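[1] Have a look; sequence and predicted model below, questions after that.
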Amino acid sequence: MSDRKTLQAKRISGHSGASPGFDMQRDAEVCKLIDTTICIGCKACEVACVEWNDMPFSPTMFDNTYQTMPETRWNFWNLIKFNEHQREDGTIQWLMRKDQCMHCADPGCLSACPADGAIVQYTNGIVDFQQENCIGCEFCVSGCPYDIPKFNPATKKVYKCTLCSDRVGQGLEPACIKACPTGCLKFGTKDDMKFIAEERARQLRENFGFAKAGVYDPQSIGGTHVVYVLHDVENPELYGGLPKNPVIPWSYTVWKWLFKPVLGTLALFGGLGVLLHYVTVGPRRPQPEPPLQKEAPDVHRG
Amino acid sequence: MSTAVERFDDKARRTFDRIGHTEVYEGELLRHRVYTRVLHWVVALFFFLALFSGFGIYLPWLFRWFTPIFGGGPLARMMHPWFGLAFVIFFALQVLNWIVPMTWTAADTRWMRNLKSIVSGKEKMDSPDTGFFNGGQKLQFWEIVGGSVVYLITGIILWMGARTFGRWAVAVSYILHDLSALIMLGGIFVHIYLSTIGEPGTFQAMIRGAVSEAWAWTFHPAWYKEVTGRDPVEACEDARRRGQFAGK
């Protein structure tokens, strides 16, 4: 992709008009659109995710819900969360939301991670874990507003949805998108997905009576590369605990990139300080010291 | 202190004195018994293991070359809490051992007020009311006590992680853990300096356990008086008259 972009002709000598194709390339940022109003909870995306990523069978316990398991696991990255919501008029609304990594524009996991190269963000917006560099400290878990990274005690590494970066790199859509039978999942550029999502939300507001329908793309973390269409965008918590205003602890931003190096250097100045003390003031010796020379010889006099 | 602690300390000191020896030659005083010395070096060992394994987690882009010592990043991360726990446990034993001589007194407040003239080297001998430990040593000791409590609480939170204690608890603990480490890192330079080249004759107190009488009347006059019954200033002047210089 970078080659295509850098080798795009910008200006052409002796050519009338604009360079063909210049400024025509689509926005490189990818996005997954999840329309919760169309989801039927078939879990085809769950199966596709497990299949494509070659995950082993994940044992589950039946807990009287339709949900496969309470939350995602290190080897189960894609989970439909079911919530039976009773509205004020007494009617029931069955909410289903596909839960996975949101691929934040400002990823809290990446900010929190202390290991060099364990988390990368590609220019297309995908946030990917590089397990070979992971040290298993689990700071990313505390950085994530969506509780997505999961620790595998056997390998001592953290795993999560890759947005099928391996497929996307080859021009394919993520596995979950390919499996979706209802058109609830769509994949494309961020601009296109936002456009479709806003259109769908407008349709829901104007034609289907969902007055509070809207698009979930939280700006508190710079937007996400997974956006939702929700019946009720004012209460995203109803959809299996989607935070309304996700935040990244400031300790992972201000502290890490400003105070840590500065204060670390200051602490090392303790070493410089004692060295300077020795060469200037000098040590304190047990008394009595031998008497000093009557007159200090002046080395400069020769 | 409760008698149970005193009995425990007494038994430990006697047991270690049976295993090890402290040779006190003529003109010397017993400073630290075997138990104290062993505890000090075990604490020091785990302090540096925890410090070096923590460096790679603190600033990996500067200190990642520390992690191969421990077998790589994941292993350094895995061992760090255990090193820290051992540090806290052995230091807790040292606290029990030292709680009496480390109690803060009015003399220590006076010593701290006088700090400037001691650092600038104007004052050759410490003031006559300086006991077994001076105010600076006690300050560092109690800083490590407080720092260890912070280490232990925040360390367990970081160890168990956000899934146990919540992401905000981890985010706050991370700062407090770092701050505690930074204060102790700054303090360790001063500690090593003063116990080696900064005040010659000190290092042997933690190695052999004995110090020269000259060292004692210079840096801890009240302790010298307590042990020998002689006046430290007179003893020093006496040595000067007889030409017994402590060295260059």
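    Received the coordinates, thanks.
[2] Could you find the closest non-adjacent residue to the residue nearest in space to the middle of chain A?
    Among the residues of chain A, the one closest to the centroid is A:Pro107, at 3.6 Å (C-alpha atoms, centre = their mean). Leaving aside its sequence neighbours, A:Pro107 sits nearest to A:Val127 (C-beta to C-beta, 6 or more residues apart in numbering or on different chains; 4.7 Å). For the C-beta atoms, the positions are set from N, CA and C on the backbone; glycine is no exception.
[3] Number of residues surrounding that neighbour?
    A:Val127 has 25 neighbouring residues, counting by other C-beta atoms under 10 Å in any protein chain shown.
[4] what pairs with it across the strands?
    On the basis of DSSP bridges, A:Val127 is bridged to A:Gln121.
[5] ok, now which ones touch it?
    Counting by C-beta atoms under 8 Å, 6 or more residues apart in numbering or on different chains, A:Val127 touches A:Cys101, A:His103, A:Cys104, A:Pro107, A:Cys109, A:Leu110, A:Ile119, A:Val120, A:Gln121, A:Leu163, A:His225.
[6] Show me the chain divided up by domain.
    Using chain A here. A:26-248, A:249-282 (automatic domain parsing).
[7] um, chain B though
    According to automatic domain parsing, chain B is divided into the following domains: B:22-27+B:34-99, B:101-133+B:199-248, B:140-195.
[8] Quick one: end-to-end distance for stretch A:21-33.
    28 Å (C-alpha to C-alpha, to the nearest Å).
[9] Show which residues not belonging to the longest helix along chain A make contact with it.
    Longest helix in chain A by number of residues (criterion: DSSP state H): helix A:260-280. Applying C-beta under 8 Å, 6+ apart, the set of residues contacting helix A:260-280 from outside is B:58-59, B:62, B:119, B:178-179, B:182-183, B:185-190, B:192-194, B:197-198.
[10] avg pLDDT for it?
    Averaged across helix A:260-280, the pLDDT comes to 88.
[11] Please state the offset of the helix or strand bottoming out on mean pLDDT in chain B from the chain centre?
    Using mean pLDDT, DSSP states H and E, helix B:60-63 stands out as the lowest-scoring helix or strand of chain B, at a mean of 82. Chain-centre distance of helix B:60-63: 28 Å, with C-alpha atoms, centre = their mean, to the nearest Å.
[12] circling back to that earlier point, out of the domains of chain A, which is the most enclosed?
    Ranked by mean neighbour count under mean count of other C-beta atoms under 10 Å in any protein chain shown, the domains of chain A are led by domain A:26-248, which reaches a mean of 18.
[13] Doesn't A:Ile34 lie inside a helix?
    No - A:Ile34: not assigned to a helix; according to DSSP: H, G, I helix; E, B strand; the rest coil it is strand.
[14] quick one, what contacts it?
    Contacts of A:Ile34 (C-beta under 8 Å, 6+ apart): A:Arg97, A:Lys98, A:Cys184, A:Leu185, A:Val226, A:Val227, A:Tyr228, A:Val229.
[15] which one of these is nearest chain B?
    For the contacts of A:Ile34, the residue nearest chain B by C-beta to the nearest C-beta is A:Val226; the value is 19.8 Å.
[16] Report the beta-bridge partners for the closest one.
    Beta-bridge pairing for A:Val226 (DSSP bridges): A:Lys32.
[17] Name the surrounding residues that touch stretch B:76-85.
    A:135-137, A:156, B:46, B:49-50, B:53-54, B:56-57, B:66-67, B:69-70, B:151-152, B:155, B:158-159.
[18] Report the contact partners of A:Met61.
    A:Met69.
[19] The most centrally placed residue in chain B: what secondary structure?
    Of all residues in chain B, the one closest to the mean position by C-alpha atoms, centre = their mean is B:Phe141, 6.0 Å from it. Recorded secondary structure, B:Phe141: helix (three-state DSSP).
[20] Now it. Nearest residue, chain neighbours left out?
    Leaving aside its sequence neighbours, B:Phe141 sits nearest to B:Met102 (C-beta to C-beta, 6+ apart; 5.1 Å).
[21] in which helix or strand would I find A:Arg97?
    Per DSSP states H and E: A:Arg97 is located in strand A:92-99.
[22] can you map out the strands along the chain?
    Here I'm looking at chain A. Listed in chain order, the strands of chain A (DSSP state E) span A:30-35, A:79-86, A:92-99, A:119-121, A:127-129, A:150-152, A:157-159, A:185-189, A:214-216, A:226-230.
[23] oops, I was thinking of chain B
    Under DSSP E, chain B gives strands at B:28-30, B:210-212.
[24] Tabulate those in a markdown table, adding columns for distance to A:Cys144, mean pLDDT and mean neighbour count.
    Formatted as a markdown table, the strands of chain B follow (distance: least, C-beta to C-beta, whole Å; pLDDT from 0 to 100; neighbours: other C-beta atoms under 10 Å in any protein chain shown):
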| stretch | distance to A:Cys144 | mean pLDDT | mean neighbour count |
| --- | --- | --- | --- |
| strand B:28-30 | 57 | 95 | 17 |
| strand B:210-212 | 55 | 95 | 21 |
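[25] Please pull out the lowest mean pLDDT helix or strand from chain A.
    helix A:2-6 (a mean of 58).
[26] and A:Asn133, what does it touch?
    Contact analysis of A:Asn133 by C-beta under 8 Å, 6+ apart lists A:Ala115, A:Asp116, A:Gly117, A:Ala118, B:Gly73.
[27] Of these, which pair is most distant in space?
    A:Gly117 and B:Gly73 (10.4 Å; C-beta to C-beta).
[28] returning to that earlier point: list only buried entries from the contacts of stretch B:76-85.
    A:135-137, A:156, B:46, B:49-50, B:53-54, B:56-57, B:66-67, B:70, B:151-152, B:155, B:158-159 (16 or more other C-beta atoms under 10 Å in any protein chain shown).
[29] From A:Ala179, how far out is B:Gly198?
    Remark: distance between B:Gly198 and A:Ala179 (C-beta to C-beta, to the nearest Å) = 70 Å.
[30] Switch the strands of chain A over to JSON lines; also include distance to B:Gln204 and mean pLDDT.
    Formatted as JSON lines, those follow (distance: least, C-beta to C-beta, whole Å; pLDDT from 0 to 100):
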{"stretch": "strand A:30-35", "distance to B:Gln204": "68", "mean pLDDT": "96"}
{"stretch": "strand A:79-86", "distance to B:Gln204": "65", "mean pLDDT": "94"}
{"stretch": "strand A:92-99", "distance to B:Gln204": "64", "mean pLDDT": "95"}
{"stretch": "strand A:119-121", "distance to B:Gln204": "50", "mean pLDDT": "95"}
{"stretch": "strand A:127-129", "distance to B:Gln204": "53", "mean pLDDT": "96"}
{"stretch": "strand A:150-152", "distance to B:Gln204": "48", "mean pLDDT": "95"}
{"stretch": "strand A:157-159", "distance to B:Gln204": "48", "mean pLDDT": "96"}
{"stretch": "strand A:185-189", "distance to B:Gln204": "72", "mean pLDDT": "95"}
{"stretch": "strand A:214-216", "distance to B:Gln204": "69", "mean pLDDT": "97"}
{"stretch": "strand A:226-230", "distance to B:Gln204": "66", "mean pLDDT": "97"}
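[31] Next up, the contacts around the closest residue in space to A:Glu237 that isn't next to it in sequence.
    Closest residue to A:Glu237 apart from its sequence neighbours, by C-beta to C-beta, 6+ apart: A:Lys244 at 6.5 Å. The contact partners of A:Lys244, by C-beta under 8 Å, 6+ apart, come to A:Pro218, A:Glu234, A:Asn235, A:Pro236, A:Glu237.
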